[in-house]
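Colleague: Sharing a model that was predicted from the sequence below.
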Amino acid sequence: MNAPCTFSLRNEGISQYFDVSYLDFSRSGDKTALKQNQTSKFIDRIRKFNYTKNFLNEVKQVNDLHLSHTNHMKDVYNVKIKPLGTLSRSQVKTCKKACETMINTVIFSKSKDVDYKTSQYVTFVTLTLPSKQVHTDKQIKKLQTRYIENLQKTYGVKYYVWKAEAQKNGNIHFHLLVDKWIHWTVHRKLWNKQLDRLGYLDSFQKLHGHRNPNTIDVHSLKTDKKGRKITNPTKYITKYMTKLEIGKRPILGKLWGCSTETKQLDYPKYCEGDGFFSHVVSLINSGSLKLSIKDDFFSYFSGRVYNQVFKNYKHLWSDIKDFYKLQNGNIKPKTLQQKEFVRLKTFIPEEKPTIPKIEILDKPTFEQVKINYGNPAFWTNNVK
């Protein structure tokens with residue numbers, strides 16, 4: 001392979017790929033799979049569907065239309081459409097990356113001298129509805145958007161990832177990963193304030209006699225909901241956020257999202273020529289990782305990468321932590337300071353041209369006078 005090789009180090013694997021932009025060949029993708037090209041009479045009916053307060057029952061009708069649209073696209077265009085309310089492979093990959101890079105950035109940037117209540121701290125929040133859902137998923141998501149905007153503007157939340165799921169009773173609920181410690185009473189107050197816009201607190205008050213329902217659940221990544229210790233928080237969250245919902249009604253519209261700052265986070269990468277490239281090659285050749293995918297331009301090695309790096313490659317581990325700190329703005333990028341140019345002195349003396357001394361005779365001959373007058377040295381040494 002003549003293209004340069006690059007390694008991307010993740011928590012549970014290493015992806016190896018080659019920059020094929022250096023090679024002289026072109027690839028054409030399947031444009032029929034693009035969303036703007038998925039046209040059918042069923043998809044138009046879904047877009048123009050008028051929802052009422054009986055929203056949960058109408059979701060089944062929308063799902064039936066989507067199944068008809070899926071069969072139409074398969075028969076006419078031979079294109080496979082994902083089931084309604086599920087994440088595609090690309091979405092799962094992007095969501096997993098957002099969760100992993102966010103948790104790594106916050107954990108590696110943590111300082112022992114700073115209180116976790118005043119610095120970045122990963123918390124897991126669940127938002128629910130206090131009564132039966134009578135509005136569309138899109139309307140409930142607008143409440144969640146205002147709730148997140150309040151966290152950003154008032155409490156300085158920078159990184160967040162959210163995922164929408166359906167409960168067994170059909171109500172929509174949200175899982176939210178934020179980078180700030182905020183007291184659970186604040187979360188409840190902010191979320192209930194948004195729910196009151198659509199009258200859900202009024203419905204709850206009619207049944208229970210008060211307007212402060214428990215609509216949130218907040219816990220850290222140290223223990224799960226059952227009190228068990230979480231040994232690998234990154235793996236726990238990514239599995240929780242990307243799991244496939246079986247036996248529940250589909251969520252209509254967008255299923256997950258994250259902040260702009262979270263989208264910009266990335267895994268540490270090492271290209272040919274980098275100082276730690278040989279360390280990654282040594283880790284792969286050590287046999288501690290399993291080759292899961294092998295292709296012409298891409299390979300994936302699965303295993304507990306960060307654990308192996310922490311035990312056996314201290315300098316590489318330090319560079320990985322500095323990478324995440326640099327992404328978070330905790331440290332400044334390393335720059336080479338150019339020294340002032342100093343000219344070296346030469347101690348070899350310069351040679352001056354020597355002019356020969358011409359002997360002047362008392363009575364020179366004509367030939368001698370002719371030679372002397374035609375010689376510049378004569379005038380330099382003898383003319384006063």
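Modeller: That came through, no problem.
Colleague: Every contact and neighbour count from this point should use C-alpha atoms.
Modeller: Noted.
Colleague: which residues touch S220?
Modeller: Taking CA atoms under 8 Å, 6 or more residues apart in numbering, we find S220 in contact with V122, T123, F124.
Colleague: Can you tell me which of those has the most neighbours?
Modeller: V122 (24 neighbours; other CA atoms under 10 Å).
Colleague: Relative to R211, how far out is it?
Modeller: 29 Å (CA to CA, to the nearest Å).
Colleague: same check, this time on I103
Modeller: From I103 over to R211 (counting by CA to CA), the distance is 35 Å.
Colleague: any idea which residue sits dead centre in this structure?
Modeller: With the centre of the chain defined as its mean C-alpha position, the nearest residue by CA atoms, centre = their mean is L265, 2.8 Å away.
Colleague: Let me know the helix or strand that that one is in.
Modeller: Per DSSP states H and E: L265 is located in neither a helix nor a strand.
Colleague: can you tell me how far it sits from F323?
Modeller: L265 is 10 Å from F323, by CA to CA.
Colleague: residue ranges with poor pLDDT in the stretch 151-300 of the chain?
Modeller: Residues of the stretch 151-300 of the chain meeting the criterion pLDDT under 70: none.
Colleague: Break down it into its helices, ranges please.
Modeller: Taking DSSP state H, counting those that start in this stretch, the helices of the stretch 151-300 of the chain run over residues 184-195, 200-208, 233-241, 260-263, 277-285.
Colleague: For H72, which of those is the nearest?
Modeller: helix 233-241 (30.8 Å; CA to CA).
Colleague: could you say what helices and strands that closest one packs with?
Modeller: helix 89-108 (3 or more CA pairs under 8 Å, 6 or more residues apart in numbering; DSSP states H and E).
Colleague: if we look at the helix it packs on, which residues are touching it?
Modeller: So helix 89-108 is contacted by 11, 120-122, 159-161, 179, 234, 237-238, 241-242, 256-258, 262-263, 265-267, 321, 324-325, 327-328 (CA under 8 Å, 6+ apart).
Colleague: Emit the PyMOL select command for whichever of those are buried.
Modeller: If you want just the buried ones from the contacts of helix 89-108 in PyMOL, going by 16 or more other CA atoms under 10 Å, the selection is:
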select buried, resi 11+120+121+122+159+160+161+179+234+237+238+241+242+256+257+258+262+263+265+266+267+321+324+325+327+328
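Colleague: quick one, phi psi at L265?
Modeller: phi -70, psi 150 (degrees, to the nearest 10).
Colleague: From N104, how far out is it?
Modeller: Applying CA to CA to L265 and N104 gives a distance of 10 Å.
Colleague: in terms of contact, does L9 touch F276 like I think?
Modeller: No - between L9 and F276 there is no contact, the gap being 11.7 Å when judged by CA atoms under 8 Å.
Colleague: Can you pick out the residue with more neighbours from these two?
Modeller: Shown here are L9 and F276; by other CA under 10 Å, L9 has more neighbours (20 against 17).
Colleague: A strand includes the more buried one, no?
Modeller: Yes - judged by DSSP: H, G, I helix; E, B strand; the rest coil, L9 forms part of a strand.
Colleague: per-residue confidence for it?
Modeller: Looking at L9, its pLDDT stands at 95.
Colleague: Can you show me the helices along the stretch 1-150 of the chain?
Modeller: So, for the stretch 1-150 of the chain - with DSSP H, counting those that start in this stretch - the helices run 41-47, 55-76, 89-108, 137-155.
Colleague: and those as JSON lines, adding mean neighbour count and distance to P83?
Modeller: Putting those into JSON lines (neighbours: other CA atoms under 10 Å; distance: least, CA to CA, whole Å) gives the following:
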{"stretch": "helix 41-47", "mean neighbour count": "14", "distance to P83": "13"}
{"stretch": "helix 55-76", "mean neighbour count": "16", "distance to P83": "8"}
{"stretch": "helix 89-108", "mean neighbour count": "19", "distance to P83": "12"}
{"stretch": "helix 137-155", "mean neighbour count": "15", "distance to P83": "17"}
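Colleague: Out of those, the one nearest T223 is which?
Modeller: So among the helices of the stretch 1-150 of the chain, helix 89-108 is nearest, using CA to CA, at 15.3 Å.
Colleague: got the angle between that closest one and helix 233-241?
Modeller: 150 degrees (axes from the mean of the first three to the mean of the last three CA atoms, to 10 degrees).
Colleague: Report the buried residues of stretch 219-227.
Modeller: S220, L221.
Colleague: And for stretch 174-193?
Modeller: In stretch 174-193, counting by 16+ other CA under 10 Å, buried: 174-182, 187-193.
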